[in-house]
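Chemist: No letters, just coordinates:
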């Protein structure tokens, strides 16, 4: 429960602070018989407001006006006041404890939130249980952040920092890759994780490092009601779920298992066995050797008029795939990158005609038909986010519009400047083109590229908040499932994981450091928590750069429970998408085929319970059936016990 501690003073004394927390006024305690210890917090919540009189953002503490019992918990009547005006916000916070799991849920129904004087102050966000469980400098432990595949931030930094990290990354934070709605903390005294379980499309994590006079470390959730003070209030109920965990093992593995179960119970993520009941091809895809073949792209030109550079023709792709079969790789799925008009990023949203420089539609059909006789499945790499003015289908009316009325022009690729499509509009292209792609013979796998961040769209014709943008992408994925056996994508955003059969998973953060200082300031260790959460539900692979490491790259797959993946071309071509040839990665292919697709093939459909380093260069991946995969980088061996 959340209750006043014995040191609390009268409620009317709290109200005299005008909504700003007075540390001598009250403290609150999070406690339950199912938690190992009570955890005190200085404030139930703080509110960020836009003060229309002062024309500025302000932060105010929340006054708990009244507490009354409800089933399995308490209801807190809360209010926020500002000087000269008084009360401007009120809401009711329902605090309940699950009698079995001990999970603590804090729910704020939209119907119980009131802005009393919106011409004086409007609500921007509510930080819930700020600094709960905060650690002191020098303590053992870490904050767990949902970036990349899981980030640990330790309590030994010496610079005060605060970061408001957008759950499901906004464009300014795309390189931080905050893609799922889980966070946590481990100290010597307590460990728990939190999930924003309602309203997660509009939420932040407030990360504090070496912060304030006491130099504390903490992470807490913030429910966002407006991203800009000129916006209308974002509706919908909000909920935070806090989960205590035991002191056994690495806490991040426990956090991941809790998140996995929530995804299955609440968001519809299925195991491979469950998927196979209606879509048997999913299990086949989970066991396949996956590769991308780069066909070609134009030289850089801001107008998309660069000369075409050929990496691979359809005939050359067949020769590569035959070499793989000759090497014993007998179960293959390939995603053809640049099969479309003028190659990769050529003329989107225009896809047809099929890349004529690579052989055109007849050559593509021949490849698909050959593959059908060889246990080689030909899929496509596609895109419903990018739009180029050089294409026949370009229409500025389909592009995302910012608050300032400007259409969103992103960085240039082969097609020139990339105008970002609103998914509420690009689904029209999906409805038109997916059936035609399927008619080519593409069936086994469909891959959609380039959902790097969630935005808002302020078009008069197709306005969309972040939740609607995500719903637009979900609709495109649902459509893909109707036309293709399996669906894959690059970025594993939490809200559409239940629609995915394959995703790319980040295993390293070094390259992200070129785009954000988050890596330098907050990433002390990158951990495979997301692998624990998604294994036996989604086929995931690591970066194609691992293939250049030969056997060591294959060992990394074993450690993560990943299936092998390469991205290659017939010929080296200069440019941002320059790819290795098959000969460059052949050692990795042969090794990963033996280890992942044969020795560990039965591990694909078993949950992972933990991934931990037990010694220098030695890792254990523990599965739910009790088996442990030991990956020894020093000896280059993988054993199962």
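Modeler: Sure, I can see it. Just so you know, these numbers come straight off a predicted model, no measurement behind them.
Chemist: I'd say residue 41 and residue 129 touch.
Modeler: Yes - the criterion here is C-beta atoms under 8 Å, and residue 41 meets it with residue 129 at 5.3 Å. Bear in mind the C-beta positions are built from the backbone N, C-alpha and C, glycine included.
Chemist: Which neighbours do the two have in common?
Modeler: residue 30 (C-beta atoms under 8 Å, 6 or more residues apart in numbering).
Chemist: which of these two has more neighbours?
Modeler: For residue 41 versus residue 129, neighbours defined as other C-beta atoms under 10 Å are more numerous around residue 129 (24 against 21).
Chemist: what's the longest strand in the protein?
Modeler: The strand of greatest length in the chain, counted in residues with DSSP state E as the criterion, is given as strand 86-97.
Chemist: Any buried residues in the next helix or strand after that one, and which?
Modeler: Scanning forward in sequence from strand 86-97 by DSSP states H and E, the next helix or strand is strand 104-108. Judged by neighbour count (16 or more other C-beta atoms under 10 Å), strand 104-108 contains these buried residues: 104, 105, 106, 107, 108.
Chemist: so what's the second one up against?
Modeler: Taking C-beta under 8 Å, 6+ apart as the definition of contact, the neighbours of residue 105 are 94, 95, 96, 97, 98, 197, 239, 240, 241, 242.
Chemist: what's the answer for the fourth one, then?
Modeler: If you count contacts by C-beta under 8 Å, 6+ apart, residue 107 has them with 93, 94, 96, 198, 237, 238, 239.
Chemist: check contacts around the residue sitting nearest the centre point of the chain.
Modeler: If you average the C-alpha coordinates of the chain and look for the closest C-alpha using C-alpha atoms, centre = their mean, you land on residue 179, 2.0 Å from that point. Listed by C-beta under 8 Å, 6+ apart, the contact partners of residue 179 are 146, 147, 168, 169, 491, 492, 493, 494.
Chemist: Repeat the analysis, applying 7 Å as the threshold.
Modeler: The neighbours of residue 179, taking C-beta atoms under 7 Å, 6 or more residues apart in numbering as the test, are 146, 168, 169, 491, 492, 493, 494.
Chemist: Please report which of the residues you listed has the highest neighbour count.
Modeler: Top of the contacts of residue 179 by neighbour count (other C-beta under 10 Å): residue 146, with 29 neighbours.
Chemist: Could you double-check that it lies in contact with residue 183?
Modeler: Yes - A contact is recorded between residue 146 and residue 183 when judged using C-beta atoms under 7 Å, the distance being 6.0 Å.
Chemist: how about the helices of the stretch 251-400 of the chain, start to end?
Modeler: In the stretch 251-400 of the chain, the helices defined using DSSP state H, counting those that start in this stretch lie at 251-266, 272-276, 281-287, 314-326, 360-372.
Chemist: among the ones you listed, which is nearest residue 60?
Modeler: In this view, the helices of the stretch 251-400 of the chain are compared for proximity to residue 60 by C-beta to C-beta, and helix 251-266 is the closest at 31.2 Å.
Chemist: What is that closest one packed up against?
Modeler: Where contact means 3 or more C-beta pairs under 7 Å, 6 or more residues apart in numbering; DSSP states H and E, helix 251-266 is packed against strand 182-187, strand 191-198, helix 529-534, strand 608-615.
Chemist: Let's see that with 6 Å instead.
Modeler: Counting contacts by 3 or more C-beta pairs under 6 Å, 6 or more residues apart in numbering; DSSP states H and E, helix 251-266 is packed against strand 182-187, strand 191-198, helix 529-534.
Chemist: picking that back up, can you pick out the most distant pair from the buried residues of strand 104-108?
Modeler: 104 and 108 (14.1 Å).
Chemist: Pull the number of nearby residues for residue 435.
Modeler: As a burial measure, the neighbour count of residue 435 was computed by other C-beta under 10 Å and equals 12.
Chemist: My reading is that it lies in a helix. Confirm?
Modeler: Yes - applying DSSP: H, G, I helix; E, B strand; the rest coil, one finds residue 435 inside a helix.
Chemist: hang on, the earlier thing: can you put the helices and strands packed on helix 251-266 in CSV and add distance to residue 458 and mean pLDDT?
Modeler: Listed next are the helices and strands packed on helix 251-266 as CSV, based on distance: least, C-beta to C-beta, whole Å; pLDDT from 0 to 100:
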stretch, distance to residue 458, mean pLDDT
strand 182-187, 30, 96
strand 191-198, 24, 96
helix 529-534, 32, 98
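Chemist: between the ones you listed, which gets nearest to residue 470?
Modeler: Comparing the helices and strands packed on helix 251-266 under C-beta to C-beta, the one sitting nearest is strand 191-198, at 13.9 Å.
Chemist: got the angle for the closest one vs helix 251-266?
Modeler: Regarding strand 191-198 and helix 251-266, their directions subtend 30 degrees when assessed with axes from the mean of the first three to the mean of the last three C-alpha atoms, to 10 degrees.
Chemist: for strand 191-198, packing partners?
Modeler: With contacts defined as 3+ C-beta pairs under 6 Å, 6+ apart, the packing partners of strand 191-198 are strand 182-187, strand 238-244, helix 251-266.
Chemist: next helix or strand past it?
Modeler: Sequence-wise, the next helix or strand beyond strand 191-198 is strand 203-211, with elements assigned using DSSP H and E.
Chemist: what's the angle between whatever helix or strand comes next after that next one and strand 203-211?
Modeler: Elements were assigned by DSSP H and E; along the chain past strand 203-211, the next helix or strand is strand 216-224. Our comparison of strand 216-224 with strand 203-211, counting by the same axes, to 10 degrees, yields an angle of 160 degrees.
Chemist: chain center to strand 216-224: distance?
Modeler: The chain centroid and the centroid of strand 216-224 are separated by 18 Å, computed with C-alpha atoms, centre = their mean, to the nearest Å.
Chemist: same for it, what does it pack against?
Modeler: Contacts of strand 216-224 with other secondary structure elements, assessed using 3+ C-beta pairs under 6 Å, 6+ apart, are made with strand 121-128, strand 203-211.
Chemist: Tell me, how many residues neighbour residue 316?
Modeler: Around residue 316 sit 18 other residues, with neighbours defined as other C-beta under 10 Å.
Chemist: Residue 156 is in contact with residue 210, correct?
Modeler: No - Residue 210 sits out of contact with residue 156 when judged by C-beta atoms under 6 Å, with a separation of 8.8 Å.
Chemist: In this structure, what helix or strand scores lowest on average pLDDT?
Modeler: helix 11-15 (a mean of 31; mean pLDDT, DSSP states H and E).
Chemist: Quick check: next helix or strand after that one?
Modeler: strand 28-30.
Chemist: Report the buried residues of that next one.
Modeler: Buried residues in strand 28-30, defined by neighbour count with 16+ other C-beta under 10 Å: 28, 30.
Chemist: Ok, stretch 154-171 next?
Modeler: By neighbour count on 16+ other C-beta under 10 Å, the buried set for stretch 154-171 is 154, 155, 157, 163, 165, 166, 167, 168, 169, 170.
Chemist: TSV for these, including secondary structure?
Modeler: Rendered in TSV, the data for those read as follows (three-state DSSP):
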residue	secondary structure
154	strand
155	coil
157	coil
163	strand
165	strand
166	strand
167	coil
168	coil
169	coil
170	strand
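Chemist: which among these gets closest to residue 339?
Modeler: For those, the nearest to residue 339 is residue 169 (28.6 Å; C-beta to C-beta).
Chemist: ok, now how distant is that closest one from residue 249?
Modeler: Between residue 169 and residue 249 the computed distance is 29 Å (C-beta to C-beta, to the nearest Å).
Chemist: mind listing what residue 595 touches?
Modeler: Contact analysis of residue 595 by C-beta atoms under 6 Å, 6 or more residues apart in numbering lists 554, 558, 638.
Chemist: Near the last one, how many other residues are there?
Modeler: Yep, that's residue 638 we're talking about. Number of residues near residue 638 (other C-beta under 10 Å) recorded here: 22.
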